[in-house]
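Just to be clear, the model below is a prediction. Sequence and coordinates:
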Amino acid sequence: MPPMDDPTPAAIRTEALSRTYARPRRRRWWGRKPAGDEPAEFVALDGVSLSVRPGELFGLLGPNGAGKTTLIKILTTLLAPSAGSAFVDGLDVVTEADAIRPRINMVSGGESSGYGILNVRENLWLFARIYGVPTAVAHERIDKMLEVVGLTDKAKSRVTHLSTGQRQKMNFCRGFITDPKILFLDEPTLGLDVTSARAIRAFVRQWMKERPDRTLLLTTHYMAEADELCDRVAIIDKGRVLACDTPANLKRRVQQYPLYELTLAPGANGWADLEALPGVHQATATTTPTTVELKVSLSEEPAIGAVVQALATGGGRILSLKKSEPTLEDVFIELVGHGLGSEEKG
Amino acid sequence: MPEPSSLKLFLTAAAARTYPRVAWLFRSRTWMIQETILPVLAVSAFAYAYTAMGAPHEYTGFVVLGAAMTTFWMNVLWGLGAQLYWERDSGNLELYVMSPAPMMGVLTGMALGGMTTTLVRAAAITVSGVLLFDVPIDPTSWGLLALVFVLTLAALYGLGMMFASLFLLWGREAWHVVNLLQEPIYLLSGTNFPVAVLPRAVAVVATAIPLTAGMDAMRQVLFRAPGLFDVWAEVGLLAGLAAVFLVAAQRSLRYLERRAKDQGKLTVRWQ
C-alpha cells in the first residue's frame, strides 16, 4: 500500500516495476533445447518508478518496444509484474485488481475489438453494459461521443462496414462511455486524419477539465500531441524511464539558454561584437547571398534588447526576429539517441 | 453513479454477451438454411437405412434426436470451446478481463448465445425430421422431457465453458483436441443408435459425457424405449455433471486468468 504519510494517493504509482518475458525456444524433437546466445528472458520494463497525480494528463513517449504498452497492460490489470509494485487509485494492481477495474478504461489506437455483426451503437452499448452502465445512460453517452468523433451518421452501420479510422473512432468512444476515473489512451490518434485527431485532442482536454479528479495516461508517437496535451511527460526507452518532467522543463534540458534567430539584410555590421555584450552567451552568423542569418543565445533573456540596439547602431536592418523553442523531439533525440522515425525505419 | 452489485454485473454481462449471437441469428439467415438442411440429409441416410433393415420405427426418432442434440455438441466444441481463443484474437478478451464484469458472466453469455442459436437450429432439424419420417412421439411426461433437456444443456455448456479456458491456455494445440474429441463422442454418445447396444462397461463410462446420459434419458421419455439406467438416475447424473463442470469452469477461468497474466498470454495473439 502507499506510504501512510501521503495524504492524497497518486492516481498511478509504480515502484521499481519490472516485467520480463520468457523468450519462446523451440525444442528439438529429442527434447534438448538448442544452444543459443540469446538470453532466455527479454526485459520489457526495468525498474520503472513513476507517480501520476490525480487530475494529471500524463504522457509516455518512447520508441516501439520501449515498454509503454507493457506498462499500460500492468496498470490495467492485464499483466502481472515480474518485480516491483504498481498502484492505480491507491490500489495494488495484483491484489486489488477487482477494485481497480470499475475505475479504469483503456483504448489502444490499433485495436480491432468489437463484433462485426453488430452496428456501432450496439457495440458501444455492449461494452457499456459490462461496466453496468444503464442502457438509457449508455445511449445518451453514445450519442454524445459519436458526435464528438463525427460518427453520428454511422451509428447504425455494421462494424464490418467501417474503415480502419472509423473503427478506431468507435473504440475511442468505448473508452469514454463508461466514464472512467482513470483512462489509459495508447496511441489514440494513430492513423487518424488531421481534423479527427484535432477534434479528439480538443475533446480530451475538455474531458479533463470537466472533472478535476479524472486522470489520463497517454502514449503517443506524436511529439506535438504530447507537447500540446500533457501536463508531464515521461520518456521511456528499453524499459527504463530516462526523464520525467513538464514539457517545458524537458525542453530546457536541451536548450540551456534562450535562443533567438534574426535575419538581417545583407551588408549589416555590428554582429561580430555581440558576444561581448553582457547577457549574451553566444552568437553565430551564416551569410547567404541575400541575408545574414544570426543565432544568438542569451544567458540573460532581457539582453535581447541590447542585441537589437547594437545591430541597429551598426547599421543592420533586421528583417525578422523570432525566439527559437526546442521541441520534445529534440529532447527525445538527446535522451534516446535517435528520433522516433529513425527507430521505426530501423 | 453507484457501482452495481456483483450479481447485477454478472447478469448484465451475460445478457450483453448473449446479444451478438442472437443478432447473428437474425442477420445471417443463409447459415441457418445450410446448417439445417445438411443435418437433415444425414438423418435421411440413417432413416432409410433403418427402414431398409426393418428396424423399429422409433429408431428413426433416435436418429432425429441424435442429429438435433449433436448440433449442441458441435456448438460446444467449435463455438464455445474456441470462444475465448477467438475473443483474444479479435481483441475483445482483454476488454472483458479489464472490465468489472465477472468473466464467468461473460462466458455464461457466450454459452447462452450459442445455446439460443443452436436451439433454433436443433428445433428446425427436429421438426423437419419428425414431419419427413413420421416419427412417433409419445412422451411419458413433457415436464420430465424439458427437465432432462435443460439439464443436458447445462452439463454440456458447463463442459464447454471449461474447455474454453483450457483451449485458451493450450493455444493452437486445442484444435487437435477438438478433432480428437469429435468422432469418439459421436460413437460413445450413441448419436445414431441406442447407446444400450454398446458393451455395458463402455456404455457406463460413456455416461460421463452429458450427451450420452441426456440422449439416453430423452429417448426413454420420448419413445418409451429401454435405456441404460432409470430416467431419474440419469437426471441426477446430469445435474451432478452440470454442477461439476460449472464449478470446474469457474476454477479453470480463475486459473487461466492468473496464469495468462503471469505469462502475458491474455493479450498475445496468434499463438
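The structure has been received and is ready for your questions.

what does chain B put close to chain A?
B:1, B:3-4, B:8-9, B:12-13, B:15-17, B:19-20, B:23-24, B:27-28, B:90-92, B:94-101, B:106, B:258, B:261-264, B:266-267 (CB under 8 Å from any CB of the partner chain). The way it works is simple: take the backbone N, C-alpha and C, and place the C-beta from them, glycine included.

Now which of the residues you listed would you call buried?
Among these, those classed as buried by 16 or more other CB atoms under 10 Å in any protein chain shown are B:4, B:9, B:12-13, B:15-17, B:19-20, B:23-24, B:91-92, B:94-101, B:106, B:261, B:264, B:266-267.

These in helices, which ones?
B:9, B:12-13, B:15-17, B:19-20, B:23-24, B:94-98, B:106, B:261 (DSSP state H).

can I get the CA coordinates of stretch B:223-230 in CSV?
Output in CSV follows, covering the C-alpha atoms of stretch B:223-230 (Å, rounded to 0.1, in the frame of the first residue of the first chain):
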residue,chain,number,x,y,z
PHE,B,223,-40.2,-43.0,-27.3
ARG,B,224,-40.7,-45.1,-24.1
ALA,B,225,-37.6,-47.1,-25.2
PRO,B,226,-35.5,-49.0,-22.7
GLY,B,227,-32.4,-47.2,-21.6
LEU,B,228,-29.1,-47.7,-19.7
PHE,B,229,-30.3,-46.5,-16.3
ASP,B,230,-33.6,-45.3,-14.8
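
in it, what's buried?
For stretch B:223-230, by 16+ other CB under 10 Å, it's B:F223, B:A225, B:G227, B:L228, B:F229.

Look at A:T20 and give its secondary structure.
Here A:T20 is recorded as strand under DSSP: H, G, I helix; E, B strand; the rest coil.

what about it, how many neighbours?
Using other CB atoms under 10 Å in any protein chain shown, A:T20 has 19 neighbouring residues.

which parts of chain A sit against chain B?
Proximity of chain A to chain B is confined to A:21-22, A:73, A:76-80, A:98, A:101-102, A:104-106, A:111-115, A:117-118, A:122, A:125-127, A:129-133, A:137, A:174, A:179 under the rule CB under 8 Å from any CB.

Mind doing that once more with 7 Å?
A:21, A:73, A:76-80, A:101-102, A:106, A:111-113, A:115, A:117-118, A:126-127, A:129-132 (CB under 7 Å from any CB of the partner chain).

where exactly do the strands run in chain A?
A:12-22, A:41-52, A:57-61, A:83-88, A:91-92, A:104-108, A:182-186, A:215-219, A:232-237, A:240-245, A:259-264, A:280-287, A:292-298, A:318-324 (DSSP state E).

Could you list the buried residues of the fourth one?
Right, strand A:83-88. A:G84, A:S85, A:A86, A:F87, A:V88.

Filter the buried residues of stretch B:223-230 down to just the ones in strands.
Secondary structure assignment by DSSP E places none of the buried residues of stretch B:223-230 in strands.

from the residues you listed, which single one is nearest chain A?
B:F223 (38.2 Å; CB to the nearest CB).

What sits closest to that closest one if chain neighbours are left out?
Distances taken as CB to CB, 6 or more residues apart in numbering or on different chains put B:E58 closest to B:F223, at 4.0 Å, once the chain neighbours are dropped.

count of residues packed around that neighbour?
Neighbours of B:E58 (other CB under 10 Å): 20.

what's it sitting at in phi/psi?
Note on B:E58: its backbone torsions stand at phi -70, psi -20 [degrees, to the nearest 10].

Report the separation between it and chain A.
40 Å (CB to the nearest CB, to the nearest Å).

contacting residues for that residue?
B:P136, B:F223, B:A225 (CB atoms under 7 Å, 6 or more residues apart in numbering or on different chains).

between these, which is closest to B:V197?
B:A225 (11.6 Å; CB to CB).

follow-up on the earlier one: against B:F133, how distant is the residue nearest to B:F223?
11 Å (CB to CB, to the nearest Å).

quick one: B:F167 from chain A, how far?
19 Å.

For B:E183, which three-state class applies?
At B:E183 the chain is in helix, as set by three-state DSSP.

that older thread, quick one: the strands of chain A as a markdown table, columns for mean pLDDT too.
Formatted as a markdown table, the strands of chain A follow (pLDDT from 0 to 100):
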| stretch | mean pLDDT |
| --- | --- |
| strand A:12-22 | 94 |
| strand A:41-52 | 92 |
| strand A:57-61 | 95 |
| strand A:83-88 | 96 |
| strand A:91-92 | 96 |
| strand A:104-108 | 93 |
| strand A:182-186 | 95 |
| strand A:215-219 | 96 |
| strand A:232-237 | 94 |
| strand A:240-245 | 93 |
| strand A:259-264 | 90 |
| strand A:280-287 | 86 |
| strand A:292-298 | 88 |
| strand A:318-324 | 89 |
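
B:L84: which of these is closest?
strand A:104-108 (19.1 Å).

who does the closest one touch, helix- and strand-wise?
Under the contact definition 3 or more CB pairs under 7 Å, 6 or more residues apart in numbering or on different chains; DSSP states H and E, strand A:104-108 sits against helix A:164-176, strand A:182-186.

can you put those in a markdown table and add mean neighbour count?
As requested, the helices and strands packed on strand A:104-108 are arranged in a markdown table below (neighbours: other CB atoms under 10 Å in any protein chain shown):
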| stretch | mean neighbour count |
| --- | --- |
| helix A:164-176 | 22 |
| strand A:182-186 | 24 |
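
closest one to B:A233 among these?
Across the helices and strands packed on strand A:104-108, closest to B:A233 is helix A:164-176 (CB to CB), at 49.6 Å.

what does that closest one contact?
Counting by CB under 7 Å, 6+ apart, A:105-107, A:109, A:111, A:113-114, A:120, A:123-124, A:127, A:142, A:145-146, A:149, A:151, A:154, A:159, A:162, A:183, A:185, A:188, A:191-193, A:196, A:200, A:207 sit against helix A:164-176.
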